[in-house]
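A.B. asks: Got a predicted structure here, sequence first:
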Amino acid sequence: EFRVCGSSGLKICEIITPMHVEEGPFRQFLIEAGLISRSALDSVVRDQAGKPLARVLIERGFLSEDEARRAVAHTLGVPFVPLAREDIMPEAMILVPEPLSREHNLLAYHLSDPSNTLGAGHTLEVALLDLEDLGVLDFLRSRYRVLPRLTTRESMTRGLIRYQQHLRDTYGKALERADA
């Protein structure tokens, strides 16, 4: 388990190596994508000392956190999506409580049919930084088919800020009226 710490204010540390990725396909992808040469990768693997490969590659500066996440997504067959403001449906976003979204760096952003309030048989696309956090969404599985998508830290930061703005815009006005 590898944690990257930052000062984003959203979450102090998060795990960078989502789920368990088989190193063989991961290595092959890194070479084929031109992210690292075979000789450099061989050197890193020799010095890996039992650490996850992605961790060593990030520590040594061969990959950024987002490059490692993108490579893991490709290796696992999970879509990698950069999120723009217009990609985020408020109807999807509010299905996951904001504190849970913030704590686990995940954001529900697309609902297949938001007009169907029962949700039965519909898909909910969720952007995450770490697939290990997918388990916190088990409460949604009885109503939705949850589809994980990995994303960049920047996309996640923008999405969580959008969520906070949505809450402020929606409930801040109601609270102001209640106080009046």
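C.D. replies: That came through, no problem. The structure presented is a predicted model; accordingly, all values stated were derived computationally and were not measured. Numbers count the residues shown, from 1 in each chain.

A.B. asks: which residues of the protein fall in helices?
C.D. replies: 23-32, 38-46, 53-59, 65-76, 90-93, 98-104, 153-167, 173-179 (DSSP state H).

A.B. asks: Which one of these has the poorest average confidence?
C.D. replies: Lowest mean pLDDT within the helices of the chain: helix 173-179, at a mean of 68.

A.B. asks: Quickly list what the residue nearest the centre of the chain is bridged to.
C.D. replies: The centroid of the chain falls nearest to residue 128 when counting by CA atoms, centre = their mean (1.7 Å). Beta-bridge pairing of residue 128 under DSSP bridges involves residue 106, residue 150.

A.B. asks: Out of the helices of the chain, the one nearest residue 84 is which?
C.D. replies: helix 153-167 (8.0 Å; CB to CB). For glycine as for every other residue, the C-beta is placed from the backbone atoms N, C-alpha and C.

A.B. asks: Identify all contacting residues around the closest one.
C.D. replies: Contacts with helix 153-167, where a contact means CB atoms under 8 Å, 6 or more residues apart in numbering, come from 6, 8, 10, 65-66, 81-83, 85, 88, 90, 93-94, 98, 101-102, 105-107, 109, 127, 129, 151.

A.B. asks: Show me which of the residues you listed are buried.
C.D. replies: 10, 65-66, 81, 83, 88, 93-94, 101-102, 105-107, 109, 127, 129, 151 (16 or more other CB atoms under 10 Å).

A.B. asks: just to revisit the earlier point, can you tell me which of the helices of the chain is nearest to residue 138?
C.D. replies: Nearest of the helices of the chain (CB to CB): helix 98-104, 11.7 Å.

A.B. asks: which secondary structure elements does the closest one contact?
C.D. replies: The contact analysis (3 or more CB pairs under 8 Å, 6 or more residues apart in numbering; DSSP states H and E) places helix 98-104 against strand 106-111, helix 153-167.

A.B. asks: switch to 7 Å and redo it
C.D. replies: The contact analysis (3 or more CB pairs under 7 Å, 6 or more residues apart in numbering; DSSP states H and E) places helix 98-104 against helix 153-167.
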